[in-house]
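Enquirer: let me see the structure of the following:
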Amino acid sequence: MNLFASFMRTVVPIVAGLLLTLLVRIGVDFDSASVASVVTTVLTGAYYTAFRLLESLAVKIHSRPLATVAGILLGWAAPPDYAGTAHPAQTAPEHSP
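Expert: Purely as a prediction, here's the structure:
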């Protein structure tokens, strides 16, 4: 399930970037495929960054509905949980007697 969540959180922003690029293209004539690629990349990165930051903010302010909406717009309602990747600050220190 975590692999699927990770995949969805990658693919949905890419599709969103493509759709945003197509919306921009309605009024703008791109002569170069490389310009279109740059626009797609920038819009995809902006989309992902905006909703990932919103999701992080929602977690910090304890707004589960906002975190869920931001997660869904990233392709999955919650960030993927990878087993064995706990951050050092999240693990309890071992004490020796």
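Enquirer: so what's the residue count around Gly75?
Expert: 21 (other C-beta atoms under 10 Å). (Each C-beta comes from the backbone N, C-alpha and C, glycine too.)
Enquirer: where does it sit: helix, strand or coil?
Expert: The three-state assignment at Gly75 reads coil, by DSSP: H, G, I helix; E, B strand; the rest coil.
Enquirer: give the full set of residues in contact with it.
Expert: Taking C-beta atoms under 8 Å, 6 or more residues apart in numbering, we find Gly75 in contact with 5, 8-13.
Enquirer: want to try JSON lines for the residues you listed, with secondary structure, pLDDT and distance to Thr49 as columns?
Expert: Formatted as JSON lines, the contacts of Gly75 follow (DSSP: H, G, I helix; E, B strand; the rest coil; pLDDT from 0 to 100; distance: C-beta to C-beta, whole Å):
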{"residue": "Ala5", "secondary structure": "helix", "pLDDT": "79", "distance to Thr49": "19"}
{"residue": "Met8", "secondary structure": "helix", "pLDDT": "82", "distance to Thr49": "17"}
{"residue": "Arg9", "secondary structure": "helix", "pLDDT": "82", "distance to Thr49": "13"}
{"residue": "Thr10", "secondary structure": "helix", "pLDDT": "83", "distance to Thr49": "14"}
{"residue": "Val11", "secondary structure": "helix", "pLDDT": "84", "distance to Thr49": "16"}
{"residue": "Val12", "secondary structure": "helix", "pLDDT": "84", "distance to Thr49": "14"}
{"residue": "Pro13", "secondary structure": "helix", "pLDDT": "82", "distance to Thr49": "9"}
